[in-house]
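Novice: Take a look and give me a structure for this.
(chains A and B)
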Amino acid sequence: MTETILKIQDLVKQYAGRTVIDHVSLEIKRGMIYGLIGENGAGKSTIMRLIMGLTHYDQGQITLFGQHDELGLQAGRRKIGQSIETPALYPELTARQNMAVQAANAGVGESEVTDLLRQMGLSDTGKKLVKNFSLGMRQRLAIAQTLISHPELLILDEPINGLDPAGIIEIRTIIQRLASEQGITVLISSHILDELSQVATDYGILHHGQLIQELSQAELAEKTRRYVDLVVDDAKQAVVVLDQMAITDYTVSDAHRLQIFAAVSVPELTRQLVAADIAVERIGMTNQKLEDYFMSVTEG
Amino acid sequence: MLNLLRAERLKLQGGRKFWLVVGLVIILPIFQLLNSLSKNHYQGGLTLQVDQVVNGASAVLMSLKSNLLILLLFCAFISFYIGEEFETGTIRNPLSLGTSRLKFYLTKLAVALGLTALTVIVVTGMSMVGYGLVFGFGKMAGVTSYGVYFWLVLVTLFSLLAAGVAVYVAISFMTQKIGSALIWSFVYTIGMGLVPGVFQKINGLESVTWWFTESYLFYVNFTRPQVLDLVPKMLLVSWLTILIASLIGYQWFKRSDIK
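Specialist: As a prediction, this is how the structure comes out:
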């Protein structure tokens, strides 16, 4: 059975009487890349801060690596690397100096600094101060910093926020490599959902401080697979045609709309519908994205 | 905690603020010496009670003479040194590695007090050499054992200044913002220079004045040997201030949420 690295039970956090985290429970097992999805202000960063002990919670329990008492949580946090919100770096220091400070914080040597900077493509930054780095370079340095203590769990909050397409691909590649090559479990948040869907293995949808749905990559694929979006004047009549064509994998959204998930020839289907005197307003292949799914879940 | 101190050393050495403070601390006694030279030129001589530092022996009082400058320098330095950790979010790095908030607070306090000690030593040492060379080493009138006087005054002045610095540390941890820390630390410095005097005018509360460290820095004549009688009280008030300020600052920090 896969080890549970992080378990959150019934977590509640209030700010000035306003509930920002509302009875959230979730579980992250070793090897997962858990994508936390939510609009701005949904509570993603707050959950991450609660896990890291930066913010106090009002109710519930956090268990890290099987420990939930204060000392156990502190020990567990030593196995976690985090970059929450903006990259937390000293702007007047160089990349190497920032790494050295984090190595000292973690109580480890600086022997791996050079290698980590190389892995993140920052080995040639020399005496350049961090304040002169691009956002992408800062994000990569922040990730390099988190790795100095050999974390088993990486918490990355909006790591691709504000990056250009090349920067996004770089960060995505780094995260995938860390997970596959070093076996690091990742908790990642982003509001660029389609990008997140290319990285995560599991998802939690956070809305107004509540975790309204959790699903795996396979479940998401099921829910967001390609389908024929069909809009007709009478869905009931269209269903008869589909039955005649032996198409069974479809759903009826309302009186006019159907989604057909089975492999079907769109020209043939159109011909059959017209032959049955059904007015076709729209027919075409659609690929529901994570973003669409998120909107349908949160707006529904 | 040694790891955190190592991290602090790296941060201070790499950043510009520390070197700026070191530069100012070195410039301060030179500036005071030039100022005394100028006075000497126009007035014909220095007067101990007015000038506090007139020769190498009395240069032990340089950090007293410059106390407001030193306090304001540290007011700015501490506000940036600690406030920046909150504003850049770098405070999350050690805390999320399981470092306790107590250790983090104590490390910052230790660095701040260490720098205060260094400042007192540099300012005193440079002044003694500078004033000794220019005005001669001389002596302190009425002081029979200069060695005892020197060490007691040096430790007392450090403690009095350290109390102010400990309050700045507490304020910085409470406000968690550079701007707010600067304003409140400045208000504290000016306020503590003025408010205790008010108690002097209230019957029955006169003694309260002497429970504020700045009262000693501003109103006690350290050039008289009798000041040594006040040393125990000054040390008590100083270290009590450090303890109370640190307890309040730490408790506030412990309960606060880090953004």
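Novice: now the stretch 151-259 of chain B, which segments are flagged as low pLDDT?
Specialist: Counting by pLDDT under 70, the stretch 151-259 of chain B contains no low-confidence range.
Novice: Which stretches in it count as helices?
Specialist: B:178-200, B:213-219, B:231-255 (DSSP state H, counting those that start in this stretch).
Novice: Which one of the ones you listed lies nearest to B:Tyr131?
Specialist: The closest of those to B:Tyr131 is helix B:213-219. By CB to CB, the value is 20.1 Å. C-beta coordinates here come from the backbone N, C-alpha and C atoms, glycine included.
Novice: Need the contact partners of that closest one.
Specialist: B:64, B:67-68, B:160-161, B:163-164, B:189, B:192-193, B:196-197, B:209-210, B:230, B:234, B:237-238, B:241 (CB atoms under 8 Å, 6 or more residues apart in numbering or on different chains).
Novice: can you check stretch B:190-207 too?
Specialist: Taking CB under 8 Å, 6+ apart as the rule, stretch B:190-207 contacts B:Leu68, B:Gly164, B:Val208, B:Thr209, B:Trp210, B:Trp211, B:Phe212, B:Thr213, B:Glu214, B:Ser215, B:Phe218, B:Tyr219.
Novice: Could you point out which of the residues you listed is nearest to A:Ile155?
Specialist: B:Gly164 (39.2 Å).
Novice: Who are the contact partners of A:His68?
Specialist: A:His68 touches A:Gln61, A:Ile62, counting by CB under 8 Å, 6+ apart.
Novice: Repeat that for B:Trp239.
Specialist: Per CB under 8 Å, 6+ apart, neighbours of B:Trp239: B:Ser159, B:Ala163.
Novice: can you tell me how far A:Val199 sits from A:Ile174?
Specialist: Distance, A:Val199 to A:Ile174, using CB to CB, to the nearest Å: 10 Å.
Novice: now swap in B:Asn221 and tell me
Specialist: 66 Å.
Novice: Same check on A:Ser190?
Specialist: 14 Å.
Novice: Please say which of the two ends up with more neighbours.
Specialist: A:Ser190 (24 against 20; other CB atoms under 10 Å in any protein chain shown).
Novice: Apart from its chain neighbours, what residue comes closest to that one?
Specialist: Leaving out its chain neighbours, the residue that sits closest to A:Ser190 by CB to CB, 6 or more residues apart in numbering or on different chains is A:Leu196, at 4.5 Å.
Novice: what number of residues lie near the one you found?
Specialist: 22.
Novice: wait, it sits on A:Ile188?
Specialist: Yes. Here A:Leu196 reaches A:Ile188: they are 6.9 Å apart, a contact under CB atoms under 8 Å.
Novice: what do these two both touch?
Specialist: A:Gly35.
Novice: got the residues of the stretch 51-200 of chain A near chain B?
Specialist: Taking CB under 8 Å from any CB of the partner chain as the contact definition, the stretch 51-200 of chain A meets chain B at A:52-56, A:74-78, A:80, A:82, A:84-86, A:88-94, A:97, A:100-102, A:104-107, A:145, A:149.
Novice: List the residues that contact the residue nearest to A:Ser190.
Specialist: Contacts of A:Leu196 (CB under 8 Å, 6+ apart): A:Gly35, A:Ile37, A:Ile188, A:Ser190, A:Tyr203, A:Leu290.
Novice: after the one helix or strand the third one maps to, next one along is what?
Specialist: Read it as A:Ile188. Applying DSSP states H and E as the criterion places A:Ile188 in strand A:185-190. Using DSSP H and E, the helix or strand that follows strand A:185-190 towards the C-terminus is helix A:193-196.
Novice: could you point out which element follows that next one?
Specialist: Next along from helix A:193-196, by DSSP H and E: strand A:202-207.
Novice: Let's test this: mean pLDDT of that following strand, rounded?
Specialist: For strand A:202-207, the mean pLDDT works out to 91.
Novice: Which elements pack onto it?
Specialist: strand A:18-29, strand A:33-37, strand A:210-216, helix A:217-223, helix A:290-299 (3 or more CB pairs under 8 Å, 6 or more residues apart in numbering or on different chains; DSSP states H and E).
Novice: in that strand, what's buried?
Specialist: A:Asp202, A:Tyr203, A:Gly204, A:Ile205, A:Leu206, A:His207 (16 or more other CB atoms under 10 Å in any protein chain shown).
Novice: That one pairs with which strands, parallel or anti?
Specialist: Looking at strand A:202-207 with DSSP bridges, its partner strands are strand A:33-37 (parallel), strand A:210-216 (antiparallel).
Novice: can you give me the angle it makes with helix A:290-299?
Specialist: 40 degrees (axes from the mean of the first three to the mean of the last three CA atoms, to 10 degrees).
Novice: and the nearest residue to A:Gly60 once chain neighbours are set aside, what are its bridge partners?
Specialist: Excluding the flanking residues, the one nearest A:Gly60 by CB to CB, 6+ apart is A:Leu11, at 3.6 Å. When bridges are called by DSSP bridges, A:Leu11 pairs up with A:Val24.
Novice: how about the helix or strand containing B:Phe31: buried residues?
Specialist: Per DSSP H and E: B:Phe31 is located in helix B:16-43. By 16+ other CB under 10 Å, the buried positions in helix B:16-43 come out as B:Phe18, B:Val21, B:Leu24, B:Val25, B:Leu28, B:Pro29, B:Gln32, B:Leu33, B:Ser36, B:Lys39.
Novice: Contacts only, for the fifth one.
Specialist: The one in question is B:Leu28. Counted by CB under 8 Å, 6+ apart, B:Leu28 has contacts B:Ser66, B:Leu69, B:Ile70, B:Val123.
Novice: from the residues you listed, which two are the most distant?
Specialist: Among the contacts of B:Leu28, B:Leu69 and B:Val123 lie farthest apart (CB to CB), at 9.6 Å.
Novice: Please compare these two by neighbour count and tell me which comes out ahead.
Specialist: Taking neighbours as other CB under 10 Å, B:Leu69 and B:Val123 compare with B:Val123 leading, 24 against 16.
Novice: in chain A, which segments are predicted with low confidence?
Specialist: A:1, A:287-288, A:300.
Novice: One more: the stretch 1-150 of chain B?
Specialist: For the stretch 1-150 of chain B (pLDDT under 70), the answer is B:39-50.
Novice: tell me which parts of it are close to chain A?
Specialist: Residues of the stretch 1-150 of chain B lying near chain A (CB under 8 Å from any CB): B:3-4, B:6-7, B:10-11, B:14-16, B:88-100.
Novice: so what are the domain limits for chain A?
Specialist: A:4-221, A:225-299 (automatic domain parsing).
Novice: Burial-wise, tell me which of these comes out on top.
Specialist: The highest mean neighbour count among the domains of chain A, using mean count of other CB atoms under 10 Å in any protein chain shown, belongs to domain A:4-221: a mean of 19.
Novice: Sticking with the residue in the stretch 101-250 of chain A positioned nearest to chain B, tell me its helix or strand.
Specialist: Per CB to the nearest CB, A:Ala104 is where the stretch 101-250 of chain A lies closest to chain B, at 3.7 Å. Under the criterion of DSSP H and E, A:Ala104 resides in helix A:95-106.
Novice: How about the contacts made by residue 177?
Specialist: Let's take chain A. Taking CB under 8 Å, 6+ apart, one finds nothing in contact with A:Arg177.
Novice: you looked at the wrong chain, it should be chain B
Specialist: Neighbouring residues of B:Lys177 by CB under 8 Å, 6+ apart: B:Gly83, B:Phe86, B:Glu87.
Novice: Narrow these to those in strands?
Specialist: Assignment to strands by DSSP state E places none of the contacts of B:Lys177 there.
Novice: could you redo those as a markdown table and give each row neighbour count?
Specialist: Compiled in a markdown table, these are given as follows (neighbours: other CB atoms under 10 Å in any protein chain shown):
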| residue | neighbour count |
| --- | --- |
| B:Gly83 | 21 |
| B:Phe86 | 21 |
| B:Glu87 | 15 |
